[in-house]
Every structure is written in C-alpha cells, then in structure tokens.
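> Sharing a model that was predicted from the sequence below.
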Amino acid sequence: DTAVSQTPKYLVTQMGNDKSIKCEQNLGHDTMYWYKQDSKKFLKIMFSYNNKELIINETVPNRFSPKSPDKAHLNLHINSLELGDSAVYFCASSPGPRGYGYTFGSGTRLTVV
Amino acid sequence: AQTVTQSQPEMSVQEAETVTLSCTYDTSESDYYLFWYKQPPSRQMILVIRQEAYKQQNATENRFSVNFQKAAKSFSLKISDSQLGDAAMYFCAYRSAGWGGADGLTFGKGTHLIIQP
C-alpha cells in the first residue's frame, strides 16, 4: 500500500478552470503538508495541517484552498487557474510533534494552458 | 526565518568515486533537524539521510554520510562509491524542532548530481 498517495499524477487544464488535487496518507500521521515545486525545482511549503487544523499558510494566493476532512486526507483546491500555477505539487505527512519522519507523495504535475 | 543554501547547482563525478555536496543554513534556533533528499527523474522525493542538531555524531546510511558542523552551520553530504543510480537532484532541508512538529521543511535550491560512467 502506498503510504502517501496523490491523485491525479498529471493534470492539464485551461486557464480559469477550477481543479482539485487529493492526498491521502495511511501512516497514521498527525500532520500533512502541501509543497509546490516550481519550474526551477525549488520546493516551498504552502500549507500545513495538524489534526485537521491549519497551522501554516504561507504567502499563497487565496485561490488556493486546502481542505482536511479528516486526519488522513488533505486536499488542495485551486480556483481560477493561472499559467503561473503550473508546477509540481507534493503532499507530505509527518508524525507530528517532534516527529521528523517526513513521507512525500509522488507529486502532481499541474500544467495550465 | 531560516534559510538553506546549496552553492553547487551541478556536480559531476565518475562512477565509483566519492563526491561531496555542500549545504549551509542560517538559523537562530538551537534544536532542529537537517535532511538530505534525493529526487530522481521520477520526481519522487526520497529521504537519504537525516541529522538531529543535538547529536554530535555524524549520521551515516551505507554509502551516504554527512559532515555536520553546527557552529559553522554546515551540513555536507558525502556519497562514496558513486553509482549510476545516484544521479538525481539532491536537496538539503531544515526543519525546526519547535512547537507542534507542524513546521514545514525549508529547502535549498538543489544540486544536480551527474554520474559519469
């Protein structure tokens, strides 16, 4: 069983559309994250949820809205997609307080045309 | 805010030789974790090695070892007996050991490692 699974792996969509990326972890971890990897491979955290509560919300346009229905899921919804949103989005999880074992999903390559 | 700097955008090494990737970081914290991640063309992020700042002993994982210099805020990765499968982007990352464990990773910009056969 995949520990952190993201769907879809690839997403091609037109500007202005709304799309969602789903993430699920079966590790029993308390904390989940979304990271964005840009075209230059730079990885930056977007959001962090701890037990369904938003902890980190970096400077991300409010078109991006994370949703955590339960501890094992953290979905990313993006409204009004723009060309600059094209990137690879990674979901990750960690055990929580003082837990430093991050596990990443395999990433979702989003292409906005 | 913490920053992580990888000064080598690209490194090349002959197969079976040893290569060292550099990483420096800036923080005012005393307790934190440091990581090296490998990202092959498959784009999967793979944890290579990690180090707790309170441990003086350098971490090792088979052919991978680190040189952790806390005072100098340096965390280099040494890969011994390089193999073709080591070719990838390598990212150095920092994480605070502070409240809640919900702090994210701060990444460097990565080093592209090429293995010459």
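Yep, it's here. Nothing here was measured: the structure is a model prediction, and the numbers come from that model.

> Show me what secondary structure element comes after the lowest-mean-pLDDT helix or strand in chain A.
Counting by mean pLDDT, DSSP states H and E, chain A has its least confident helix or strand at strand A:53-57, which shows a mean of 75. Next in sequence after strand A:53-57, counting helices and strands by DSSP states H and E, comes strand A:64-70.

> Name the residues that touch that next one?
Residues outside strand A:64-70 that contact it (Cβ atoms under 8 Å, 6 or more residues apart in numbering or on different chains) are A:32, A:34, A:46-47, A:49, A:52, A:54, A:74-79. C-beta coordinates here come from the backbone N, C-alpha and C atoms, glycine included.

> Identify, from those, the entry nearest to B:Lys38.
A:Trp34 (20.8 Å; Cβ to Cβ).

> Partner strands of the helix or strand harbouring the closest one and their direction?
Per DSSP H and E, A:Trp34 falls inside strand A:31-37. Sheet pairing of strand A:31-37 (DSSP bridges) gives strand A:43-50 (antiparallel), strand A:87-94 (antiparallel).

> and the closest residue to chain A within chain B, backbone torsions?
With Cβ to the nearest Cβ, the shortest gap between chain B and chain A falls at B:Gly104, namely 3.4 Å. Here is the backbone geometry of B:Gly104 (degrees, to the nearest 10): phi -80, psi 170.

> how about the nearest residue to it, chain neighbours excluded?
Using Cβ to Cβ, 6 or more residues apart in numbering or on different chains and skipping the chain neighbours, the partner closest in space to B:Gly104 is A:Ile45 (3.4 Å).

> Looking at chain A, what residue ends up closest to chain B?
Chain A approaches chain B most closely through A:Ile45 (3.4 Å), counting by Cβ to the nearest Cβ.

> which residues does that residue contact?
Contact analysis of A:Ile45 by Cβ under 8 Å, 6+ apart lists A:33-35, A:56, A:58, B:104-106.

> Kind regards, and thank you for your time.
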